[in-house]
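Trainee: The sequence isn't on hand, but the structure is:
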DNA sequence: TCCAGAAACTTGAACGATCCAATCCTGCCT
DNA sequence: AGGCAGGATTGGATCGTTCAAGTTTCTGGA
């Protein structure tokens, strides 16, 4: 029905040239106030919107940010991503960017996807969630000067790129201190195998908090892959071996397993999880809560910093988690 | 470093014209086999990828599909969206489309966002999750001939658009029959207030299954807004009023509440939830499971049908849910 | 051998924005 | 009154692709 409104339509309507309209949009300060007003009125009257494809062709920028959506592993921690993505979409929107989703089953495919997205859509930047030692993805992106931020700090000292992370150690330390304050001394920890950056970090928080309180953590921790069943198994093991009065877990999945293992144990063992997932809220599990909306917002801040101006590498951001108190601790 | 590879670069390399390269990409059958091979070799050798912005400018199609990501309400049912989005991304990818995220706090803003996305990004289609009676969004889109699919059937008879849905009534009926088969007769239902399409549908499945078995459902159901606390409250009410031996719930949130209400009740009351959320899996709640990946795939099928060809309105798809059996029923 | 008709390929224009360089005002100073 | 500086405005070229129309090559039948 209504035919396409281009910059030329607006120009005609406001009786100026196309370039003047373009200036109103991209460099308003160089246009006389009165003219600018006339153009803006025309834009509103006609409902004009700059065509992104045409703009992109000339400028080479797409105002598109890519983020990965995972195949929801055990479904519990997937919801962390869920909330992060929502925050990302919201903040990116406010900054004039849009979020494009992609998936990949492994690193190689993910890197192939990068090439595809960059080549065909000319994406402006990537947001990577989670990083590991020697991550090939960050290396690939850095080599090609593709702007990106990671949610999760780089665990290799060598590569320095913008990142946002939540201080996991501070979270587990806070959890541990709360248990210490409640009078607990035999506070165990169930975490992930040594060698994963995130896992080691979370364990360190627990260990340091115990040390600071003069408690020896020896023998009080267990390691395993993530999962409810694993958490339950290790908790049973701990109960037999060291009879802890409380346990801090590296994830809500592990904590849920632990909860099942202690069912019926008296006196009740306190449990604290990590991530404050909906499951934790549902079953009343006290859990370390990451400020995901804030993290997403800072990711966008860092990216827009790189994209819209300063060439200096922006300062990384380390956010503090909080403790969502419920009835398990 | 390597300068941009355009269709002209490929053309030069394969010693043909730009148009021939374009034909190899978009209409291979009109190019002679030998020439086609030469062009394809050049494409691979140079790592050429068609620039989407330029293509879009000419064709007016962006190969972009928009999907909304919600502000994870109570967090439990949010994970349904999570899984759906992942499926959507995966299938869209295979069909040559990409998924763009957007958010909105209410219908008006959502519609404003449609205008924005269509105007600036020339989106090809929208996927709406969830629909209600007299949904203004579908009306707006239909009025402007914007292709869209809803995951959730239209509850107004009047508007006919492509949709994919899961047969909620079949799900609750299946749950109810399982309970009947296990010997239960006093099977209650906790659902949402009359007037929501989805809620009425799920209740109907339970009622019909009872009728079919010759059981009178009178007095056995309760209605409320969604939520764990509400589920618990209504379950307590039911226990006092009619002492059911089993209950079917319209959501996992309600079912979780019910589970808390029956803690310690003997003999144990069977509970079945709806949506098979991670929480259900975690606490061992039997729940009606929606085939979300399949639903997402069918949404993409319907859209590509509309976008890439046939002008007829495609047939809606109604998928059958299954029962994820766990230890609560 | 020649030509019609089809098939294969090439050329010029256009999509809608921005960039660049040239031109036009306008006010101000001499 | 004339000239000049500076900002505001203008027209033309351009990004990479596809469409439309044109040209060349091939094929087969008389």
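Mentor: Here it is on my side, so go on. Nothing here was measured: the structure is a model prediction, and the numbers come from that model.

Trainee: only C-alpha atoms for contact and neighbour calcs from this point on.
Mentor: OK.

Trainee: Can you tell me which residues in the stretch 51-200 of chain A are near DNA strand C?
Mentor: Counting by Cα under 7 Å from any atom of the strand, the residues of the stretch 51-200 of chain A lying close to DNA strand C are A:51, A:52, A:54, A:55, A:57, A:58, A:59.

Trainee: same thing but at 6 Å, please
Mentor: A:51, A:54, A:55, A:57, A:58, A:59 (Cα under 6 Å from any atom of the strand).

Trainee: can you tell me which residues contact the fourth one?
Mentor: Going back to what we said before, that points to residue A:57. B:53, B:54 (Cα atoms under 8 Å, 6 or more residues apart in numbering or on different chains).

Trainee: any idea which helix or strand comes after whichever strand or helix holds it?
Mentor: According to DSSP states H and E, residue A:57 maps onto helix A:52-59. As assigned by DSSP H and E, the chain's next helix or strand after helix A:52-59 is strand A:64-68.

Trainee: Residue A:328 - how many residues pack around it?
Mentor: 18 (other Cα atoms under 10 Å in any protein chain shown).

Trainee: brain fart, residue A:58
Mentor: Counted with other Cα under 10 Å, residue A:58 comes out at 10.

Trainee: on that earlier part again, between the residues of the stretch 51-200 of chain A next to DNA strand C, which is nearest residue B:269?
Mentor: residue A:51 (59.5 Å; Cα to Cα).

Trainee: residue contacts, the closest one?
Mentor: Contacts of residue A:51 (Cα under 8 Å, 6+ apart): A:6, B:119, B:120, B:121, B:122.

Trainee: which ones among the residues you listed are found in helices?
Mentor: If you go by DSSP state H, the contacts of residue A:51 have nothing in helices.

Trainee: Compare the residues you listed and tell me which is most surrounded.
Mentor: Result: residue B:121 is most packed of the contacts of residue A:51 (other Cα under 10 Å), 23 neighbours.

Trainee: these two touch, right, it and residue A:53?
Mentor: Yes: counting by Cα atoms under 8 Å, residue B:121 touches residue A:53, with 7.0 Å between them.

Trainee: Going along the chain, name the helices of the stretch 101-250 of chain A.
Mentor: A:107-116, A:136-143, A:168-181, A:197-212, A:228-241 (DSSP state H, counting those that start in this stretch).

Trainee: Who are the packing partners of the second one?
Mentor: Packing partners of helix A:136-143 (3 or more Cα pairs under 8 Å, 6 or more residues apart in numbering or on different chains; DSSP states H and E): helix A:107-116.

Trainee: now the angle from the helix it packs on to helix A:136-143?
Mentor: 30 degrees (axes from the mean of the first three to the mean of the last three Cα atoms, to 10 degrees).

Trainee: Next, the residues that contact helix A:107-116 from outside, please.
Mentor: Contacts of helix A:107-116 (Cα under 8 Å, 6+ apart): A:102, A:103, A:104, A:136, A:137, A:140, B:49.

Trainee: For that helix, list every residue counted as buried.
Mentor: Buried residues in helix A:107-116, counted by 16 or more other Cα atoms under 10 Å in any protein chain shown: A:110, A:111, A:114, A:115, A:116.
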